[in-house]
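Colleague: Need coordinates for the following:
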Amino acid sequence: MLRLMIVDDEQIIREALSEMIDYPKLGYELIAAAKNGMEAYDIICDEYPDVVITDIRMPFLNGLELIERSIKADSKITFILLSGYSEFEYAKQAMKYGVRYYLLKPTDKQELIDILISIRQDTKLKEQQKKEEQERLLFSLQAPLEQCFIMESLTRPEEFSSIFKRYQGLLSIPSSGLYACICSNMEEACLKDFAKAAQQTALACGADHAFPVIYAGNHAALIFSAPRPECGAKIRSSLCSCPQYPGQPASFDVHFLQGPDSKALFYEILLRILRYERILLIYHTSEIYEFHNNLASPWHISQIEASLASAKGNSEIRQLLEHIFIPSMSMDMAKTLALSLFLKQYPGEKVLSLNIACDFFRKLYSCPDIPNLQALMEVVLLQENPISVSPKNSANISLLKSYVEQHLDSENLSLKWLAENYLFVSVGYLSKQFVKEEGLRFSEYLNNKRMEEAVRLMVRYHNDNIKTIAKSVGFGSNPQYFSQVFKRYTGLTPTEYIEKQNLGNT
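Modeller: Have a look, this model is predicted:
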């Protein structure tokens, strides 16, 4: 369901809007009805609504100011503006913020229903487009994800079950219907030709190539999915009758392998390659990715984990990251390693949301250089290895609080923004976790921190420039709203507070 909020300073209108429509029937959950813009913005920071029906003329923070501020924290909110005034200027200003829906009071019930249905349809279309975009993203990351899967499996074979579960969805590995042909006595010189021919063979036999060719110790494993068991026999027969490849002085043997399910099949292949130091993945495009299955490998996850686990502070973790992600490392290798370290946080019992994974993947693959990648992984690894965390706080909440204190001047500090763009966790989970650990809502915590900083600036620097202070604590170009929040938290307006301080100092 879409999350809906109503904002109007007139109680009778709030109640009428809340009761006039069967929102669940339209696919909406009414999460709140706010009496002014200030209250509404706090709710937006905490409750992440999808749709907001708001009046324009309200005290403290009017509808247009609410929209301007809210879209900086969550640009995906859809606003429906209500007004008793038909001036075109309001509609023109609203359009500047991307608002498409504008209704005059008294609100026509059917017109509002039609708008909500339209928004719901648009949302479904956007969700489908997002799903397709995620599929394209995962397809583009198929090779590094496959490499991470093999890399982690080689490093921690005892945890293969949870590793397989973590990668299965990302790689679209079916639960069953996979087969493998193990080609023995295969010379490395003919691998590229073999990989191309193997894919063509699988397709010709009615099967799909399911994984790159895995090569270790003169053994090549061709993994494919087939709708019928006889497809496997056809592939085996075709491979055995293939003409001799250049660089292959003798014929190779073909052994057919099938497990009770896909996990068992991959585990059987893993057991066969574990004893080899050098392992290759060969793609039908002729690309070859090489692993060295030993502790001297720069990407050896167990070695990195042990170092991180023994780190004695945040600065030591940063130093380790600098040592791991060295400037001379290729960006491809660095991103593959970063992928593995990120996915490592999600063992079998901890579900990885596809949205969260894709958000991280986008951010990772947009990193222009190693320093930016290091900064991103610092957040990820500090979540997994919380250092200097207070007894009551988890790593997520400690990182969130640290980020807030360092970015109080930012206007986009909503819980949703932090969950999606900084911590890569579910916003619903983060909201519950914050209230549980801090005993108050995020918006209250954020405003407390901002007001504390405003007071500090006033007292320390005797600053009476309200606009400058408002901007310094995240209120942008809206000193009036800052003044209202300041008064709510201190009982005085900023001017009154400064005058009181000045009188005390005379």
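
Colleague: quick one: pLDDT of residue 132?
Modeller: Residue 132 carries a pLDDT score of 93 in this model.

Colleague: helix/strand/coil for it?
Modeller: Residue 132 falls in the helix class when you classify it by DSSP: H, G, I helix; E, B strand; the rest coil.

Colleague: tally of neighbours for it?
Modeller: 10 (other CB atoms under 10 Å). Bear in mind the C-beta positions are built from the backbone N, C-alpha and C, glycine included.

Colleague: likewise the one 5 residues further on?
Modeller: The burial metric for residue 137, expressed as a neighbour count using other CB under 10 Å, is 14.

Colleague: who's in contact with the closest residue to it other than its chain neighbours?
Modeller: Distance criterion CB to CB, 6 or more residues apart in numbering; nearest residue to residue 137, sequence neighbours excluded, is residue 358 at 5.6 Å. Shown in contact with residue 358 (CB atoms under 8 Å, 6 or more residues apart in numbering): 134, 137-138.

Colleague: Go through the residues you listed and say which is closest to residue 321.
Modeller: Nearest to residue 321 among those, counting by CB to CB, is residue 137 at 24.9 Å.

Colleague: measure that closest one to residue 56 for me?
Modeller: 39 Å (CB to CB, to the nearest Å).

Colleague: cool, and residue 368?
Modeller: Distance, residue 368 to residue 56, by CB to CB: 42 Å.

Colleague: When the two are compared, which one has more neighbours?
Modeller: residue 56 (24 against 8).

Colleague: Report the contact partners of that one.
Modeller: 62-64, 81-83, 85, 90.

Colleague: again, but for residue 417
Modeller: 73-74.

Colleague: What of residue 455?
Modeller: Contacts of residue 455 by CB under 8 Å, 6+ apart are 490, 497.

Colleague: Tally up the residues packed near residue 275, please.
Modeller: 9.

Colleague: Burial check on the closest residue to it other than its chain neighbours, number of neighbours?
Modeller: Closest residue in space to residue 275, ignoring its immediate chain neighbours: residue 217 at 7.7 Å, by CB to CB, 6+ apart. Taking other CB under 10 Å as the criterion, the count of residues near residue 217 is 14.

Colleague: Check the spacing between residue 217 and residue 267 real quick.
Modeller: 18 Å.

Colleague: any idea how far residue 162 lies from residue 31?
Modeller: Residue 162 is 35 Å from residue 31, by CB to CB.

Colleague: actually residue 19, sorry about that
Modeller: Residue 19 is 15 Å from residue 31, by CB to CB.

Colleague: These two - which one has more neighbours?
Modeller: residue 31 (17 against 10).

Colleague: Show residues contacting the helix or strand hosting that one.
Modeller: Assigned by DSSP states H and E, residue 31 belongs to strand 28-34. Contact partners of strand 28-34, identified using CB under 8 Å, 6+ apart, comprise 1-8, 14-15, 17-18, 23, 40, 43, 47, 49, 51, 116, 120.

Colleague: Mark which of these are part of helices, please.
Modeller: 14-15, 17-18, 23, 40, 43, 47, 116, 120 (DSSP state H).

Colleague: Could you identify the most distant pair in those?
Modeller: 15 and 120 (23.5 Å).

Colleague: When the two are compared, which one has more neighbours?
Modeller: Between residue 15 and residue 120, counted using other CB under 10 Å, residue 120 has the larger neighbour count: 17 against 13.

Colleague: rewinding a little: compare the ones in helices among the contacts of strand 28-34 and tell me which is most surrounded.
Modeller: Neighbour counts for the ones in helices among the contacts of strand 28-34 peak at residue 40, which has 28 neighbours (criterion: other CB under 10 Å).
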